[in-house]
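K.L.:
Sequence plus the predicted model coming up.
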Amino acid sequence: MTLPHPQDFLLNTVSGTRVVIRYRLDNGFTDALGYLLSVTEGACIIRTRQSDVEIPLGLVVAAKEVPPPPPRRGTRTTRE
């Protein structure tokens, strides 16, 4: 069984899909978790909680779709 290349997965994934992408940095690897905004032959853009991140496809080593985040918890109240 051969797994699809992560670049192929990204190129064939619909914008708006929640994904996690592992990619290379100079000193190791990092992950980006967020919504896929766009993909070209050279890069993809992911909207994370902090910002939009542009990731060159040549640096991607893994990518997959992930489920939606769990609902936020309500504020806690203190009983007196």
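P.N.:
Sure, I can see it. The structure displayed is predicted, hence computed values, not measured ones.
K.L.:
OK, contacts around the residue positioned nearest the centre of the chain?
P.N.:
The residue lying closest to the centre of the chain (Cα atoms, centre = their mean) is Val20, at 3.1 Å. Val20 makes contacts with 31-33, 63-64, 66, as judged by Cβ atoms under 8 Å, 6 or more residues apart in numbering. To be clear about C-beta, it is placed using only N, CA and C from the backbone, and glycine gets the same treatment.
K.L.:
go again using 10 Å as the cut-off
P.N.:
Neighbouring residues of Val20 by Cβ atoms under 10 Å, 6 or more residues apart in numbering: 31-34, 46, 62-66.
K.L.:
Show me those residues that map onto strands.
P.N.:
31-34, 46, 62-65 (DSSP state E).
K.L.:
List only buried entries from those residues.
P.N.:
Buried members of those, counted by 16 or more other Cβ atoms under 10 Å: 32, 34, 46, 63.
K.L.:
Out of those, the closest to Ser15 would be?
P.N.:
Ile46 (10.7 Å; Cβ to Cβ).
K.L.:
Val19 is in contact with the closest one, correct?
P.N.:
Yes. The criterion here is Cβ atoms under 10 Å, and Ile46 meets it with Val19 at 6.8 Å.
K.L.:
okay, and the common contacts of those two?
P.N.:
Joint contacts of Ile46 and Val19 (Cβ under 10 Å, 6+ apart) are 10, 32-36, 63.
K.L.:
Make TSV from those residues and add pLDDT and distance to Glu54 to it.
P.N.:
TSV is the format used below for the shared contacts of Ile46 and Val19 (pLDDT from 0 to 100; distance: Cβ to Cβ, whole Å):
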residue	pLDDT	distance to Glu54
Leu10	95	13
Ala32	97	10
Leu33	97	15
Gly34	97	12
Tyr35	97	14
Leu36	97	12
Ala63	96	14
